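Trainee: Structure for this input, please:
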Amino acid sequence: MDQDNELLEISGTVDTVIYKNEENGYTVLRLLDENGERVTVVGTFPYAAPGETMIISGGWMNHSVHGRQFKAEFAQRLMPQSAHAIYEYLASGTVRGIGPATASLLIDRFGEKALDVLENEPEKLAAIKGISLQKAKQMSSSFRRQTGVRRLMEFICSFGLRPILAMQLYKYYGDEALNLLRENPYLLAASHIGGSFAEADHLAMEMGMDGNSRNRINAAVLFELRHNTGNGHCFIPREKLAAATAELIGVEAEEADQSIEELIEAGALCFEEVAGCRACYLPELYEAETDAARRLARMCRGRYQERVNTDQLIADLERQQGIRYAELQKRTLRLALENQIIVITGGPGTGKTTSIRAILAMFDRLGMKTLLTAPTGRAAKRMTELSGQEAQTVHRLLGAKFAEDGQKVVFTKEESDPLDCDAVILDECSMVDIQLMDALLRAMPEDARLVMVGDADQLPSVGAGNVFSAVIRSGVIPTVRLTEIFRQNEGSRIVRNAHMINRGEYPNFSENAGDFFRLRRLQAGGTVETITELCAVRLPGKMNIQPQEIQVLSPTRKGELGTGNLNKHLQEALNPRSREKKEKAFGDVIFREGDRVMQIRNNYDLLWRNADGSIRGMGIYNGDIGQILQIDPDSESMLIDFDGRLVNYGFDSLLELEHAWAMTVHKAQGSEYRAVILALNNSASMLMTRDVLYTAVTRARELLILVGDDSIAYRMIDNTRQSKRYAALRVRLRRLCGAE
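Mentor: Below you'll find the model as predicted:
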């Protein structure tokens with residue numbers, strides 16, 4: 001700015017909006033000032049529109065391309081007052097459903113009261129010819145939403161916080177959002193809003209909250225617990241929780257411990273001495289862990305004496321499927337026949353899929369109704385393809401939806417309305433967290449069987465707990481460990497090298513042959529260039545593997561070889577800008593028709609339909625992959641195809657999407673791809689581990705290409721560090737089953 005630390009003030013009426021970003025409210029506009037001159041102004045003005053009056057504080061600056069501009073620091077905004085100004089505002093299209101013609105009708109009928117009628121008495125609009133009551137309500141809803149979001153954004157921006165938080169707050173709380181935020185600024189840090197504790201704390205302090213207030217310390221304690229569920233913890237030891245809270249907000253550990261005691265007394269925390277720890281739980285995680293342990297222990301005691309000739313049944317199944325089962329697979333069938341719950345674990349090529357098919361066929365022969373399920377949509381689809389029977393995600397199977405408060409998930413299937421089945425086969429169990437496991441167990445009939453299948457050496461669940469590992473390590477549930485690589489997989493270097501990595505051995509990365517290749521690149525720029533060329537040119541041209549069949553993986557999101565940067569390069573190569581393709585800018589990201597995208601959080605309220613509309617449903621889940629078919633700026637929405645499920649996304653929901661040509665290894669869990677390209681790059685030590693590399697390698701079905709420095713792969717193989725997770729399912733299971 002021309003003046004240092006001195007704010008100037010200009011005022012006038014918005015003449016034209018040149019550019020606006022719905023995500024962060026950044027706007028470039030022309031203001032008709034008091035002298036009748038047009039001034040270019042840049043700043044945060046959510047939903048700015050021609051006709052409104054602004055009083056702006058800021059200073060002049062010279063832009064290298066656009067010349068002299070007034071950069072706003074603060075703004076006072078007034079809705080248009082005169083009939084002419086109101087017409088300009090409405091005719092600009094800022095209110096969905098109102099254009100110049102409708103604006104003219106509103107001004108003719110209501111004059112200077114048009115905006116008041118639009119906001120508070122929409123039924124009066126229906127008196128105008130051509131405006132139905134339904135349309136009037138839609139226009140009013142759009143206007144009220146704009147004014148509500150704008151006021152909320154202005155409040156948030158006045159404290160220097162991200163305007164996108166206003167969009168999330170309004171989405172969940174509507175017109176009450178501002179009042180609720182004033183009452184409790186820590187609402188910003190709720191998981192469904194997406195703000196950090198630092199942002200919420202900044203707002204609270206700016207609003208005058210005492211730094212040592214009990215409300216602040218309580219909020220910090222709960223934030224620490226919620227934050228650590230993202231690190232996989234079901235509980236935090238009390239001493240560590242007090243220390244972490246004290247460090248977070250700069251209070252004494254004794255004060256934090258006092259808050260912990262108050263929260264326990266109020267029922268906001270649960271406390272128990274378990275697994276050698278003075279454990280503090282969020283109530284929902286305490287309930288999930290204790291309830292899951294009780295139900296699993298009860299199933300451990302379930303035994304069946306089927307009146308069948310087991311050997312004859314197995315022989316019949318072998319004839320039916322045209323294969324000979326290995327002895328370990330026959331043992332698996334016998335265990336599944338005799339026990340209410342069993343576990344099957346093994347690496348790639350060891351026969352997990354064959355075991356699932358055999359158990360499914362056996363249950364069918366016995367007249368049992370079996371449901372197949374997996375944690376993710378792609379894992380469920382793969383299960384369907386391999387078994388020949390439809391599989392669903394656990395969330396869809398249980399009828400997941402948001403509760404009325406829009407904050408927590410509830411399931412329609414539970415004890416009072418259980419699943420209609422005799423058995424459930426759950427695949428990719430390493431991905432299942434404690435709350436999802438408990439929800440499934442609650443929904444199963446008391447005498448139904450459960451077969452848990454997975455690879456215990458893959459990464460644990462993103463959510464809290466380490467359920468599959470805990471169940472196996474408890475030693476109380478019948479478990480089959482598949483270790484033999486079957487003949488049909490012996491020639492696969494992907495399978496062979498995956499097992500070597502899992503044993504801590506170094507594969508020969510220079511042996512470029514078969515289905516496993518390594519392209520050595522020592523510089524990050526060269527690695528990016530090679531990965532892009534492989535996806536765009538070499539694999540499609542030389543191996544007839546199309547880009548949609550290739551998945552690029554990276555251990556991390558950040559850095560030159562992180563998924564963020566890789567996706568930008570891959571978008572440019574695989575779906576470049578074109579006049580025929582509409583785009584939508586959302587922060588630093590450009591969404592374009594034809595882009596490959598991924599849903600990054602569960603959304604149980606999203607409506608989907610198939611192409612002809614004959615099948616409809618609700619829910620798009622974390623990890624679902626789709627393609628943008630159409631972007632419509634007029635309706636502020638985009639149409640996305642998720643494997644035949646068509647979904648309309650409003651622009652205010654784009655925070656739930658990211659590009660998916662490249663994704664993290666964690667996000668790829670439960671999926672299998674024809675070809676996988678893994679970017680070997682240095683990252684945080686917690687991501688450079690053996691189980692990350694092993695999980696990445698086992699995602700490839702026909703081709704795996706490592707691009708980067710061999711030494712990084714060797715370091716990952718040597719790094720067996722696994723972050724300790726505070727959870728007590730194993731201890732509870734052993735105690736309930738009398739094993740200790």
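
Trainee: how close does the closest residue to Ala684 other than its chain neighbours sit to Lys724?
Mentor: Leaving aside its chain neighbours, Ala684 sits nearest to Thr556 (7.1 Å; criterion: C-beta to C-beta, 6 or more residues apart in numbering). Just so you know, the C-beta spots here come from the backbone N, C-alpha and C atoms, and that holds for glycine as well. Going from Thr556 to Lys724 by C-beta to C-beta, to the nearest Å gives 21 Å.

Trainee: Burial check on the residue nearest to Ala684, number of neighbours?
Mentor: The tally of other residues near Thr556 (other C-beta atoms under 10 Å) stands at 20.

Trainee: Would you agree it falls within a strand?
Mentor: No - under the criterion used here (DSSP: H, G, I helix; E, B strand; the rest coil), Thr556 is coil, not part of a strand.

Trainee: if I look at it, how far off is Leu180?
Mentor: From Thr556 to Leu180 the distance is 36 Å (C-beta to C-beta).

Trainee: thinking again about what came up before, these two touch, right, the residue nearest to Ala684 and Met688?
Mentor: No - using C-beta atoms under 8 Å, Thr556 makes no contact with Met688, being 9.1 Å away.

Trainee: is it true that Val14 touches Ile56?
Mentor: No - counting by C-beta under 8 Å, Val14 sits too far from Ile56 to count as a contact (10.5 Å).

Trainee: Now do the shared contacts for these two.
Mentor: Counting by C-beta atoms under 8 Å, 6 or more residues apart in numbering, the common neighbours of Val14 and Ile56 are Leu31.

Trainee: wait, doesn't Lys581 sit right on Phe591?
Mentor: No - Lys581 is not in contact with Phe591 according to C-beta under 8 Å; the separation is 10.4 Å.

Trainee: Please say which of the two ends up with more neighbours.
Mentor: Using other C-beta under 10 Å as the criterion, Lys581 and Phe591 rank with Phe591 on top: 22 against 15.

Trainee: Got the phi and psi for that one?
Mentor: Per-residue torsions, Phe591: phi -90, psi 130 (degrees, to the nearest 10).

Trainee: cool, Asp33 as well?
Mentor: Main-chain torsions, Asp33, degrees, to the nearest 10: phi -80, psi -180.

Trainee: can you check Gly617 too?
Mentor: phi -160, psi -180.

Trainee: What is the burial count for it?
Mentor: As a burial measure, Gly617 scores 12 neighbours (other C-beta under 10 Å).

Trainee: and the gap between it and Asn603?
Mentor: Distance of Gly617 to Asn603, given as C-beta to C-beta: 13 Å.

Trainee: which stretches of the stretch 451-600 of the chain have low pLDDT?
Mentor: 487-490 (pLDDT under 70).

Trainee: where exactly do the strands run in it?
Mentor: Remark: strands assigned in the stretch 451-600 of the chain by DSSP state E, counting those that start in this stretch are 479-482, 516-520, 550-554, 583-586, 589-592, 596-599.

Trainee: Gln81 is nearest to which of these?
Mentor: strand 583-586 (32.5 Å; C-beta to C-beta).

Trainee: Give me the sheet partners of the closest one and which way each runs.
Mentor: strand 589-592 (antiparallel) (DSSP bridges).

Trainee: As PDB, could you dump the C-alpha coordinates of the strand it pairs with?
Mentor: Extracted in PDB, the C-alpha atoms of strand 589-592 (Å, rounded to 0.1, in the frame of the first residue of the first chain):
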ATOM      1  CA  VAL A 589      -7.700 -26.100  -7.000                       C
ATOM      2  CA  ILE A 590      -9.300 -26.000 -10.400                       C
ATOM      3  CA  PHE A 591     -12.100 -28.600 -10.900                       C
ATOM      4  CA  ARG A 592     -12.700 -29.300 -14.600                       C
END
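
Trainee: Identify all contacting residues around it.
Mentor: With C-beta under 8 Å, 6+ apart as the test, strand 589-592 has contacts from 571, 575, 577, 581-585, 597, 628, 631, 638, 654, 657-659.

Trainee: Just the buried ones from these, in ChimeraX syntax?
Mentor: A single ChimeraX command is used to select the members of the contacts of strand 589-592 judged buried by 16 or more other C-beta atoms under 10 Å:
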select :571,575,582,584,597,628,631,638,654,657,658,659
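
Trainee: How about the closest residue to Ala611 other than its chain neighbours: which residues does it bridge to?
Mentor: Spatial nearest neighbour of Ala611, chain neighbours left out: Leu646 (6.5 Å); criterion: C-beta to C-beta, 6+ apart. Leu646 forms beta bridges with Arg609, Asp641, as assigned by DSSP bridges.

Trainee: I'd assumed Gln630 was in contact with Leu646.
Mentor: No - if you go by C-beta under 8 Å, Leu646 and Gln630 don't touch, sitting 9.8 Å apart.

Trainee: Quick check: neighbours shared by those two?
Mentor: Joint contacts of Leu646 and Gln630 (C-beta under 8 Å, 6+ apart) are Leu639.

Trainee: And the two? Which one has more around it.
Mentor: Shown here are Leu646 and Gln630; by other C-beta under 10 Å, Leu646 has more neighbours (18 against 14).

Trainee: For Gln627, see how far away that one is.
Mentor: 11 Å.

Trainee: and for the two, which residues touch both?
Mentor: Taking C-beta under 8 Å, 6+ apart as the contact rule, Leu646 and Gln627 both touch Ile640.

Trainee: what's in contact with stretch 98-110?
Mentor: By C-beta under 8 Å, 6+ apart, the residues outside stretch 98-110 that reach it are 83, 86-87, 90-91, 93, 114, 117-118, 124-125, 127-128, 130-131, 139.

Trainee: Buried among those residues? Need that as a selection in ChimeraX.
Mentor: Buried members of those, defined by 16+ other C-beta under 10 Å, are picked up in ChimeraX with:
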select :83,86,87,90,91,114,117,118,125,128,131,139
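
Trainee: Which members of the contacts of stretch 98-110 occur in strands, if any?
Mentor: With strands defined by DSSP state E, no entry of the contacts of stretch 98-110 lies inside them.

Trainee: Which single one of the contacts of stretch 98-110 is nearest to Met207?
Mentor: Nearest to Met207 among the contacts of stretch 98-110, counting by C-beta to C-beta, is Leu118 at 31.7 Å.

Trainee: where's the closest residue in space to that closest one that isn't next to it in sequence, which helix or strand?
Mentor: Counting by C-beta to C-beta, 6+ apart, Phe143 is the residue found nearest to Leu118 once chain neighbours are left out, at 5.0 Å. Per DSSP states H and E, Phe143 falls inside helix 133-157.

Trainee: pLDDT on that helix, on average?
Mentor: The predicted model gives helix 133-157 an average pLDDT of 82.

Trainee: Tell me which residues of it come out buried.
Mentor: Buried residues in helix 133-157, counted by 16+ other C-beta under 10 Å: 135-136, 139-140, 142-157.

Trainee: Which SSE is immediately downstream of that helix?
Mentor: Next element after helix 133-157 (DSSP H and E): helix 164-173.

Trainee: Please give the centre-to-centre distance between that following helix and its chain.
Mentor: Helix 164-173 sits 17 Å away from the centroid of its parent chain (C-alpha atoms, centre = their mean, to the nearest Å).

Trainee: and if you look at stretch 713-724?
Mentor: The chain centroid and the centroid of stretch 713-724 are separated by 26 Å under C-alpha atoms, centre = their mean.

Trainee: same for the helix or strand hosting Thr27, what does it pack against?
Mentor: Take DSSP H and E as the rule and Thr27 turns out to sit in strand 26-33. The contact analysis (3 or more C-beta pairs under 8 Å, 6 or more residues apart in numbering; DSSP states H and E) places strand 26-33 against strand 8-20, strand 38-44.

Trainee: right, so those strands: which one is the most enclosed?
Mentor: Of these, the one with the most neighbours on average (mean count of other C-beta atoms under 10 Å) is strand 38-44, at a mean of 19.

Trainee: List the neighbouring strands of that one plus their orientation.
Mentor: Strand 38-44 sits in its sheet next to strand 26-33 (antiparallel), strand 67-78 (parallel), going by DSSP bridges.
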